[in-house]
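1. Take a look and give me a structure for this.
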Amino acid sequence: MFHSGTGTLRRWLPSDGKETDPTKSYIQCGKQGKKLHTNFLEFESIEKFEKSRAGILFQVFNSIQEYLSEYMSVNFSTLEIDRSIELKNTLLKSPKQLHSKLDGQAINIVDRVNDEDSTNLVITLKEFLLPYITDEKLITVGKRDKENTLNFRIIHDAEFYEKSGQKDEYLPSTDKFQRQHLTIESTKNVSKPIVKTIIKEQLIKRDISSRTLNLFDWAKLQLKGIWTFAAWDEDTDHVIFMEIQPNGDFEFYEIDGQDILFNWQKFEKYRKFMTEGSSGDKIETLEGLVISDAGDINQIFLTHEISIPDLSKIEAILKEVETELPEDKQSGDELADIVEEFLQEASDLDVEKFKSFSSELIKIGNQPISKRDFKRLIAQYLGTTKKVGDKEIDVSSTSEAIRFRDYLIDKHEIRLKFPQDNQSKEDLFDASLNIKYFGETEKEAYYLVGDRRDNVKLHFKDACHLRKIVAVNDPNAVNGSKLIFRQLLETMDVDFVRTGQSTVIPFPFKYIREYKKFGDTK
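-> Numbering: from 1, shown residues only. So this is what the prediction gives:
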């Protein structure tokens with residue numbers, strides 16, 4: 001519904017009263033007990049597309065074009081991309097890729113619950129850890145943490161300790177003890193994805209403890225001197241700096257407004273670029289500072305702007321998929337003729353497969369066949385099918401099936417499924433893929449980080465937000481700061497910040513966030 005006070009569209013809520021018809025809302029409120037998240041873009045079906053956030057936006061856009069064109073004009077902006085980097089680094093994709101990182105690394109499972117559930121969790125956790133290590137003897141099970149070891153601690157959640165009055169078993173990581181906690185309440189059924197995630201979290205903590213980057217080859221960036229990353233802690237007066245040497249060694253420094261800490265004067269000059277000039281409060285949209293060896297300072301801002309894929313093409317393709325077969329190409333005989341026609345034009349085919357397929361269509365004769373049944377027969381004779389629950393899923397990914405489907409599109413304008421080939425993904429979803437850097441001027445630039453092409457299935461969970469880079473006007477600098485962020489774009493082509501996905505700001509900020517959680521306890 002339209003909120004007159006803010007001039008924005010928002011969800012219809014029960015508190016808005018019965019006078020508002022929720023079926024006419026742009027975004028319907030989620031049902032009680034159901035997940036409220038609505039995917040940014042769906043393309044499994046036209047119905048799901050229209051209910052996704054991008055689909056709703058597209059309907060609003062079309063309505064304005066149709067009904068309000070005399071009064072207003074609305075268009076999507078098209079931007080020229082200066083540099084694009086394909087997201088392809090996948091450290092966590094398979095166990096073998098982690099072997100070198102875990103080679104010889106001791107792992108200790110610490111059971112602080114000591115009941116039947118925790119015992120079973122220890123057994124399962126050990127089983128899932130084995131593919132990632134080189135020697136089973138490296139895994140130990142005990143009751144206490146070990147130094148310089150990846151300690152996986154099984155504990156209760158905070159609510160349990162609060163209600164029972166027992167001492168909370170959570171302990172932060174330190175430079176000597178790397179700790180990752182699994183609460184018995186939330187991880188009774190531990191899975192492979194969970195284990196992969198907790199392993200990469202431990203590897204980050206190990207890097208922090210050793211003050212050396214092992215998950216990323218910093219030297220490949222060929223940066224000169226020390227580069228610095230700065231981010232706020234929760235406290236307004238507390239800033240954490242991470243200095244990275246050319247070889248990947250690093251150190252953390254902190255500025256606290258209440259105390260004069262080591263190197264305070266060295267870093268205090270940067271804090272003014274993280275606060276509002278008048279109030280001294282944090283700049284809410286600022287995600288951090290990047291400082292080059294030459295002292296150039298770049299700010300990273302989150303904007304409210306997003307990138308939009310080619311919605312008109314996506315909608316058109318979905319409608320093609322869901323449109324029934326043409327009237328003159330609906331019967332078994334007519335479709336069998338197309339199969340024979342394809343056999344005459346194509347080469348290097350499994351002819352017997354196509355002959356069997358054609359014979360089945362001929363049996364249907366002059367009776368019409370639905371597109372759904374036609375797709376099922378293609379999967380049956382040219383590809384394979386599999387059952388998921390009660391549904392039979394088409395997995396006809398053999399070369400014969402793909403070539404025949406392409407022929408149907410090119411020669412007969414019959415589209416059977418939404419394209420999943422790499423070129424189609426690039427054409428349709430370019431605005432939501434990879435790293436894009438654009439709009440560079442002397443002092444400003446923009447970038448976005450999308451998804452990996454291989455990750456694209458039938459939806460995009462979230463939109464890609466544009467981020468703005470600003471080279472600050474430092475009055476103490478002779479010529480002001482230069483834009484340096486282009487040199488750091490590859491620091492977002494990693495999959496160890498968000499498991500299996502890229503990160504939207506340089507990965508050192510993840511290290512800063514994890515360092516904040518470190519404690520001084522032994």
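2. phi, psi of residue 240?
-> phi -110, psi 130 (degrees, to the nearest 10).
3. Verify the stated contact: residue 438 with residue 431.
-> No: using C-beta atoms under 8 Å as the test, residue 438 is too far from residue 431 to be in contact (11.1 Å). (Each C-beta comes from the backbone N, C-alpha and C, glycine too.)
4. For the two, indicate the residue with more neighbours.
-> For residue 438 and residue 431, the more surrounded residue by other C-beta atoms under 10 Å is residue 431, and the numbers stand at 20 against 15.
5. Setting aside sequence-adjacent positions, which residue approaches the more buried one most closely?
-> Nearest non-adjacent residue to residue 431, counting by C-beta to C-beta, 6 or more residues apart in numbering: residue 307, 4.0 Å away.
6. Tell me the spacing between that neighbour and residue 244.
-> Noted for residue 307: a distance of 30 Å to residue 244, by C-beta to C-beta, to the nearest Å.
7. what about the two, which has more around it?
-> residue 244 (22 against 19).
8. what residues are up against the more buried one?
-> Counting by C-beta atoms under 8 Å, 6 or more residues apart in numbering, residue 244 touches 213, 218, 226, 227, 228, 229, 250, 508.
9. just the helices in the stretch 201-350 of the chain please.
-> With helices called from DSSP state H, counting those that start in this stretch, the stretch 201-350 of the chain shows them at 264-271, 311-322, 332-345.
10. buried set for the helix or strand following the longest one?
-> Think helix 332-345. Using DSSP states H and E, the helix or strand that follows helix 332-345 towards the C-terminus is helix 351-364. Buried positions in helix 351-364, judged by neighbour count with 16 or more other C-beta atoms under 10 Å: 353, 354, 357, 358, 360, 361, 364.
11. CSV for those residues, including pLDDT?
-> What follows is the buried residues of helix 351-364, written out as CSV (pLDDT from 0 to 100):
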residue, pLDDT
353, 92
354, 93
357, 94
358, 95
360, 95
361, 96
364, 95
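12. ok, back up a step: in TSV: the helices of the stretch 201-350 of the chain, plus distance to residue 421 and mean neighbour count.
-> Formatted as TSV, the helices of the stretch 201-350 of the chain follow (distance: least, C-beta to C-beta, whole Å; neighbours: other C-beta atoms under 10 Å):
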stretch	distance to residue 421	mean neighbour count
helix 264-271	47	14
helix 311-322	13	16
helix 332-345	19	16
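13. Those: which one's closest to residue 474?
-> Between residue 474 and those, the tightest spacing by C-beta to C-beta is seen for helix 264-271, at 8.4 Å.
14. correct me, but residue 434 touches residue 86?
-> Yes: judged on C-beta under 8 Å, residue 434 makes contact with residue 86 at a distance of 5.2 Å.
15. Counting neighbours, go ahead and name the busier of those two.
-> residue 434 (21 against 12).
16. Can you check the pLDDT for that one?
-> Residue 434 is assigned 96 on the pLDDT scale.
17. The contacts of residue 244 in strands, which ones?
-> 227, 228, 229, 250 (DSSP state E).
18. Burial check on the second one, number of neighbours?
-> Taking other C-beta under 10 Å as the neighbour definition, residue 228 ends up with a count of 21.
19. which sections of the chain are below the confidence cut-off?
-> For the chain, the stretches with pLDDT under 70 are 1-36, 234-237, 256-264, 384-398, 475-478, 521-522.
20. give me every residue that touches residue 291.
-> 227, 228, 229, 230, 270, 297, 298.
21. quick one: which of the ones in strands among the contacts of residue 244 is nearest residue 117?
-> residue 250 (39.5 Å).
22. On the strand side of things, show who the closest one bridges to.
-> residue 244 (DSSP bridges).
23. Can you name the residues that contact it?
-> Residue 250 sits next to 211, 212, 213, 242, 243, 244, 508, 511 when contact means C-beta under 8 Å, 6+ apart.
24. Filter those down to the buried ones.
-> 211, 213, 242, 243, 244, 508, 511.
25. count of neighbours near residue 241?
-> 21.
26. nearest spatial neighbour of it, skipping sequence neighbours?
-> residue 253 (4.5 Å).
27. Give me the neighbour count for the one you found.
-> With other C-beta under 10 Å as criterion, residue 253 counts 17.
28. from memory it sits against residue 267, does it?
-> Yes: using C-beta under 8 Å, residue 253 is in contact with residue 267, at 6.0 Å.
29. what sits in contact with each of the two?
-> Common contacts of residue 253 and residue 267 (C-beta under 8 Å, 6+ apart): residue 241.
30. backbone phi and psi for residue 57, please?
-> Backbone torsions of residue 57, given as degrees, to the nearest 10, read phi -60, psi -40.
31. How about the contacts made by residue 215?
-> By C-beta under 8 Å, 6+ apart, the contact set of residue 215 is 91, 101, 200, 203, 204, 207, 494, 496.
32. wait, is the second one part of a helix?
-> What it means is residue 101. Yes: judged by DSSP: H, G, I helix; E, B strand; the rest coil, residue 101 forms part of a helix.
33. do you know how far the nearest residue to it once chain neighbours are set aside is from residue 295?
-> Of all residues not flanking residue 101 in the chain, residue 203 sits nearest, at 5.9 Å (C-beta to C-beta, 6+ apart). Look at residue 203 and residue 295: by C-beta to C-beta, they are 32 Å apart.
34. the more surrounded of those two?
-> Just comparing residue 203 and residue 295: by other C-beta under 10 Å the higher neighbour count belongs to residue 203, 21 against 15.
35. In terms of secondary structure, what does the helix or strand containing residue 445 contact?
-> Per DSSP H and E: residue 445 is located in strand 444-449. If you count contacts as 3 or more C-beta pairs under 8 Å, 6 or more residues apart in numbering; DSSP states H and E, strand 444-449 packs onto strand 435-438, strand 465-471.
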